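In: take a look and give me a structure for this.
(chains A and B)
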There are 2 protein chains.
Amino acid sequence: MAAHEDLPEPAGENGNDELQGIRQSIDNIDAALIHLLAERFKFTQQVGRLKAAHGLPPADPARELLQIQRLRGLAEDARLDPAFAEKFLNFIIAEVIHHHEQIAGTDSSAGGSAASTPAP
Amino acid sequence: MAAHEDLPEPAGENGNDELQGIRQSIDNIDAALIHLLAERFKFTQQVGRLKAAHGLPPADPARELLQIQRLRGLAEDARLDPAFAEKFLNFIIAEVIHHHEQIAGTDSSAGGSAASTPAP
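Out: From the prediction side, this is the model:
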């Protein structure tokens, strides 16, 4: 009885049980995110091969602008910070462009991991 | 007839139809990613409030190490670059710690967007 007297709230011992439960949900979401990202990169690899076959540039600023606007709108609806959604898309696109450069330039600087050299 | 003679492959006009189809799939995946991220941040906000209530530090290096190992394994199974999966988790965790610092320090530097100041 006296042992409970200074617990800040009824959340188990130091909130640990509640913390573990939430972390399991986070781990489930992370597994889903990883698998969706894997699938997304399969599609962008297809785009990369298509672009290379038709001589299109790796980056596509007009498409990226549309994606940013759309994702910011979706983020607002989902009560996610739109600025974070935009940062997230830029993070993904940087990786995609790096992949596309590797596809387009397999004979020059491929093998390195720098993403700053434009495709030949 | 002659119009087709130098098409590199049978992929519609310049591959545009195929490109549009793939981009629709990418857009669908992005919508799913945004909604999962919104849900993930709802859970990490809960973690943040729990940590603040029990005086726990915003960052948890032991937990983060476990998450990185697990996500690298999941990425390998899904044929996603494990290094990218780790970079992705670090990107998300940086945002989460920033949120936790805001929750723990609402009366000091809250409102700014820097994530480098430890929680008071």
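
In: residue ranges of the helices in chain A, please?
Out: Secondary structure of chain A (DSSP state H): helices at A:16-54, A:61-77, A:82-104.

In: quick one: closest of those helices to chain B.
Out: Within these, the stretch nearest chain B is helix A:16-54; the backing value is 3.7 Å (Cβ to the nearest Cβ). C-betas here are computed from N, CA, C, even on glycine.

In: same question for the closest one, mean pLDDT?
Out: For helix A:16-54, mean pLDDT rounds to 95.

In: what comes up buried for that helix?
Out: Buried residues in helix A:16-54, defined by neighbour count with 16 or more other Cβ atoms under 10 Å in any protein chain shown: A:18-19, A:22-23, A:26-27, A:29-30, A:32-34, A:36-41, A:43-48, A:50-54.

In: list the helices and strands that helix packs on?
Out: Secondary-structure packing of helix A:16-54 (3 or more Cβ pairs under 8 Å, 6 or more residues apart in numbering or on different chains; DSSP states H and E): helix A:82-104, helix B:16-53, helix B:61-77, helix B:82-104.

In: any idea how far A:Glu18 lies from B:Lys51?
Out: Separation of A:Glu18 from B:Lys51 (Cβ to Cβ, to the nearest Å): 11 Å.

In: oh, I was asking about A:Asn90
Out: Distance from A:Asn90 to B:Lys51, by Cβ to Cβ: 29 Å.

In: again with A:Arg40
Out: On the measure of Cβ to Cβ, A:Arg40 and B:Lys51 end up 32 Å apart.

In: equivalent analysis for A:Gly105, please.
Out: 46 Å.

In: can you check A:Arg23 too?
Out: 12 Å.

In: one more: A:Gln67?
Out: In this view, A:Gln67 and B:Lys51 are 34 Å apart by Cβ to Cβ.

In: cool, and A:Asp60?
Out: On the measure of Cβ to Cβ, A:Asp60 and B:Lys51 end up 42 Å apart.

In: do A:Pro57 as well
Out: A:Pro57 is 46 Å from B:Lys51, by Cβ to Cβ.

In: go on, A:Arg63?
Out: Taking Cβ to Cβ, one finds A:Arg63 at 40 Å from B:Lys51.

In: same deal with A:Gly48?
Out: From A:Gly48 to B:Lys51 the distance is 42 Å (Cβ to Cβ).

In: and A:Ala59, by the same measure?
Out: 40 Å.

In: what's stretch A:36-56 in contact with?
Out: Residues outside stretch A:36-56 that contact it (Cβ atoms under 8 Å, 6 or more residues apart in numbering or on different chains): A:57-58, A:92, A:95-96, A:99-100, A:103-104, B:8-9, B:11, B:14-15, B:18-19, B:22-23, B:25-26, B:29-30, B:32-33, B:36, B:75, B:78-80, B:84-85, B:88.
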